[in-house]
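turn this into a structure:
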Amino acid sequence: MKNVLLITTLALLLVACSKDAAFDSNPGKSGSITRFAVFQNNIYVLNLNEVQTYDITQKDNPVLVHRLPTDYGLETITIYDNTIFLGSTTALYILDISNPAAPVIQSKSDRLSDIGFSGCDPVVVKGNYAYSTIKVIQNICGNASALSALVVYDITNKSAPVVLGTYPLDIPNGLGYKDNYLFICDEGIDRLRIFDITDPAVVTELPQTVSITDPYDLIIDGERMIVSSKTNFQIFDISDIVQIKKLGQIAK
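Next comes the predicted model:
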C-alpha cells in the first residue's frame with residue numbers, strides 16, 4: 001500500500017509538471033537539468049551550439065521553424081516570465097521570445113570574465129534574480145580537483161545581467177526553490193543543501209541538510225519534493241524547512 005501511494009504521488013507530480021510545461025517552464029515544478037522546453041505552440045530543443053524551435057500546433061507533426069546559433073556548450077534551458085534562460089559551459093544566455101517562433105539573444109554573460117571560471121550549469125529564475133550552479137571538475141594526473149559555485153545574477157535589466165555574488169559548492173547538479181528557499185543537489189558531499197534567498201544579494205546557507213547519495217535533480221510541487229539520484233527517486237515533505245521528512249523512495 002505504501003509503495004502504491006509513493007508511485008501515485010510521483011505520477012501526480014509528473015502530470016502537474018507536464019501540465020505546467022505546456023504553457024511555461026516553472027523551475028521547481030520541473031527539473032532544472034533539461035535540454036528542451038515548451039512554450040505556447042513551440043518546443044525549444046538544444047543542440048550543443050544551437051537552439052532549434054519546432055512548431056507543435058499539430059502534435060503529431062512538429063515542424064522546424066527556426067534555428068538560433070550560439071557558442072558551443074549549451075547545457076540547460078528554462079523558461080520564466082516569457083523569457084528563455086540557457087545555461088552553457090561558458091555563459092548565461094537570455095533569449096527574447098516576443099516572437100515565440102523565432103527567439104533572439106537578448107544578452108549573454110561571459111562567465112570567465114564575470115567570476116573567473118566557467119563550467120556546466122543549470123539555471124532557475126525567481127523574480128528579478130537567476131540562480132545558477134557552476135560545476136567544474138578536472139582530472140589532473142589521476143587526482144580530481146573541483147571548483148564549483150552557486151552564482152546569483154540580478155536580471156532586472158535582461159539586456160545586462162549583473163553577478164551579485166558567488167558561493168562555493170562541491171559538485172553541484174540540479175536546483176529548485178520553494179518560497180524563499182533554494183535547494184541544491186550537491187553530489188560532492190551527498191547532500192541536498194538549502195539556502196535562504198530572502199535577500200538575493202546576501203544568500204545564506206541553512207545549517208540543516210538532507211543526506212542523499214549522488215543527488216542529481218529535483219522537482220518541487222507545493223509541499224512535496226522529489227529528488228532524483230543515480231539509483232532512485234526520493235520523496236520529501238518540505239512543509240517545514242527545519243524538519244524535512246522523507247516520505248519514501250522508488251527505485252529506478
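
tell me where this protein is predicted with low confidence.
Regions of the chain meeting the criterion pLDDT under 70 cover residues 1-30, 111-120, 136-147.

let me see the contact set for the most centrally placed residue in it.
Nearest to the mean C-alpha position of the chain, counting by Cα atoms, centre = their mean, stands S32 at 2.4 Å. With contact set as Cβ atoms under 8 Å, 6 or more residues apart in numbering, S32 has these partners: T76, T78, P122, V123, V124, G174, L175, G176, D217, L218. (C-beta placed from N, C-alpha, C; glycine too.)

can you tell me how far it sits from P69?
Using Cβ to Cβ, to the nearest Å, we find S32 at a distance of 24 Å from P69.

cool, S229 as well?
Distance, S229 to P69, by Cβ to Cβ: 35 Å.

settle it for me: which of the two has more neighbours?
S229 (19 against 9; other Cβ atoms under 10 Å).

isn't there a helix covering G188?
Yes: the assignment for G188 by DSSP: H, G, I helix; E, B strand; the rest coil puts it in a helix.

that one touches S148, doesn't it?
Yes: shown here, G188 and S148 form a contact pair, counting by Cβ atoms under 8 Å, at 7.4 Å.

more neighbours: the two, which one.
The neighbour count for G188 versus S148, taken as other Cβ under 10 Å, is higher for S148 (22 against 16).

so the more buried one is in contact with N173, correct?
No: if you go by Cβ under 8 Å, S148 and N173 don't touch, sitting 10.1 Å apart.

who touches both of those two?
T133, K135.

ok, the residue nearest to T156 when sequence neighbours are not counted - contacts?
Closest residue to T156 in three dimensions, ignoring its sequence neighbours and counting by Cβ to Cβ, 6 or more residues apart in numbering: N128, at 4.5 Å. Going by Cβ under 8 Å, 6+ apart, N128 touches D154, I155, T156.

look up how far A130 lies from the nearest residue to the first one once chain neighbours are set aside.
It stands for D154. Excluding its sequence neighbours, the residue lying closest to D154 (Cβ to Cβ, 6+ apart) is V162, at 4.6 Å. Separation of V162 from A130 (Cβ to Cβ): 10 Å.

cool, T34 as well?
Counting by Cβ to Cβ, the gap from T34 to A130 is 16 Å.

of those two, who's got more company?
Using other Cβ under 10 Å, the more surrounded residue of T34 and A130 is A130, with 26 against 17.

for the stretch 151-252 of the chain, which segments count as strands?
Secondary structure of the stretch 151-252 of the chain, counting by DSSP state E, counting those that start in this stretch: strands at 162-169, 172-178, 181-186, 191-196, 204-205, 210-211, 215-221, 224-229, 232-237, 245-251.
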